[in-house]
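J.: need a 3D model of the sequence below.
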Amino acid sequence: MGDFTLHDQVSAPEGSKPLLESSAKAFGMIPGLHAVMAEAPAVLEGYQQLHRLVMATSFDNEEKTVLWQSINVEHACHYCVPAHTGIAKSMRVSDEVSDALRNEQPLPNQKLEALRTFVLQVVRKRGEVSEQDLEAFYAAGYGRQQVLEVVLGVSQKVMSNYINHIAQTPIDEPFRKFAWSKAD
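T.: The predicted structure follows:
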């Protein structure tokens, strides 16, 4: 794992200790990603705030899973794909949706597929989406609010995916059974 420390409430910088306590209460453990981010209290705080904001978007649990996992898979995040597979189960998202996302296969309905397509366009085009990309998203039943909420989700996932790549964060024990690697 490179040279990054997996901090706990003892080893973490003072500014991260209450944030890690919050993580432990929310997840029943300190997720490895949070343990790495604790090195920089502002980063951990920013990530936790982004997560709260994404949770408060207009997207339902299936749509949040599509948002997160589309980005995780696109970025080939060894840590986030398994973690969000477990999170999806806790959010009662069907295995059909989770498996389709993990395996880059068609989703069970057109609206979710339109969301994944738009999310991937935002990521791949770095926000420089076309009018056609927007119109297809709108035709699926989404609006300008959801366009902006997709960008919020991308912001959250860029933080986690990039940090996990750099730190080589080990997968948390509860999510190891969902280990994943991108198909060639």
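J.: just the pLDDT for the residue positioned nearest the centre of the chain.
T.: The centre of the chain sits closest to residue 68, judged by CA atoms, centre = their mean, with a distance of 3.9 Å. With respect to pLDDT, residue 68 has a value of 98.
J.: in this protein, spot the helix with the most residues.
T.: Longest helix in the chain by number of residues (criterion: DSSP state H): helix 144-167.
J.: which residues sit against it?
T.: 1-2, 4, 33, 36-37, 43, 46-47, 50-51, 53-54, 57-59, 64, 67-68, 71-72, 75, 77-80, 115, 118-119, 122-123, 127, 134, 137, 169 (CB atoms under 8 Å, 6 or more residues apart in numbering). (Each C-beta comes from the backbone N, C-alpha and C, glycine too.)
J.: how much space between the residue nearest to the centre of the chain and residue 184?
T.: With distances taken as CB to CB, to the nearest Å, residue 68 is found 23 Å from residue 184.
J.: next one: residue 99
T.: Here residue 99 is placed at a distance of 18 Å from residue 184 (CB to CB).
J.: compare neighbour counts for those two and give me the winner.
T.: residue 99 (11 against 3; other CB atoms under 10 Å).
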